[in-house]
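[1] what would the 3D arrangement of this be:
(chains A and B)
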Amino acid sequence: DGGITQSPKYLFRKEGQNVTLSCEQNLNHDAMYWYRQDPGQGLRLIYYSQIVNDFQKGDIAEGYSVSREKKESFPLTVTSAQKNPTAFYLCASSSGLSGANVLTFGAGSRLTVL
Amino acid sequence: DAKTTQPPSMDCAEGRAANLPCNHSTISGNEYVYWYRQIHSQGPQYIIHGLKNNETNEMASLIITEDRKSSTLILPHATLRDTAVYYCIVRVVGTGTASKLTFGTGTRLQVTL
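    Just a heads-up that it's a prediction; the model follows:
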């Protein structure tokens, strides 16, 4: 089945450590996105990528980094510079620039900083 | 993108129709209305979208008022599995930009027995 796979589902990190969240899609989608969700809140866009080897900052990019070396993969690194990294992270993809804004989401990764 | 306003929560009895309203009074002529839902601790799921005509698919119906300033998502026979947060989003299509959708806090629908 086509879809988006995020891993790990749960992750614990000590303060000062970088952590990388994986996102893989087999939908042949051009665009990919990372969102952050805090309890009781909506989703906030961290980074997005429209094509391979290109990505743009979203609304809350500080303390995060991404890469897009392959169409299928869009990993997110939460760096030690992110002051409040504990959150639910969601990866999504869509069919491209002129797509109908239909995003397919993964199941999410829940990061807890100890 | 136009701002949307939704009630924070609603209840619906199982088997009844759930009617979720959304106000988007500043919507532009080329902006579509999208609905997504998020079941607890899962990723959001696309439901339906429309421009100005009413739309229906296997999940729901979307009714957009003639002036396009508001819309209603209808789940015709709600079940317990429809308990979720429902997001109403307004966005243009085909502008050459990525689909940077803005998800607010939505409406929390609780379906009860």
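
[2] tell me where chain B has strands.
    Taking DSSP state E as the test, the strands found in chain B are B:9-13, B:18-23, B:31-38, B:45-50, B:55-56, B:61-64, B:70-75, B:84-92, B:107-112.

[3] do you know which of these lies nearest residue B:101?
    Among the strands of chain B, the nearest to residue B:101 by C-beta to C-beta is strand B:84-92 (5.2 Å). For the C-beta atoms, the positions are set from N, CA and C on the backbone; glycine is no exception.

[4] and chain A, is that closest one touching that?
    Yes - interface with chain A: strand B:84-92 contributes B:87, B:89, B:91 (C-beta under 8 Å from any C-beta of the partner chain).

[5] can you list phi and psi of the nearest residue to residue B:16 once chain neighbours are set aside for me?
    Leaving aside its sequence neighbours, residue B:16 sits nearest to residue B:78 (C-beta to C-beta, 6 or more residues apart in numbering or on different chains; 6.0 Å). Dihedral pair for residue B:78: phi -60, psi 140, per degrees, to the nearest 10.

[6] so what's residue B:78 up against?
    Contact analysis of residue B:78 by C-beta atoms under 8 Å, 6 or more residues apart in numbering or on different chains lists B:12-18, B:109, B:111.

[7] from the residues you listed, which two are the most distant?
    Pairwise distances across those (C-beta to C-beta) peak at 14.3 Å, for the pair B:15 and B:109.

[8] what about these two, which has more around it?
    residue B:109 (21 against 11; other C-beta atoms under 10 Å in any protein chain shown).

[9] per-residue confidence for that one?
    For residue B:109, the model assigns a pLDDT of 98.

[10] how about it, what does it touch?
    Contacts of residue B:109 were listed using C-beta under 8 Å, 6+ apart, and they are B:9-12, B:18, B:20, B:78, B:82-86.

[11] perfect, that will be all.
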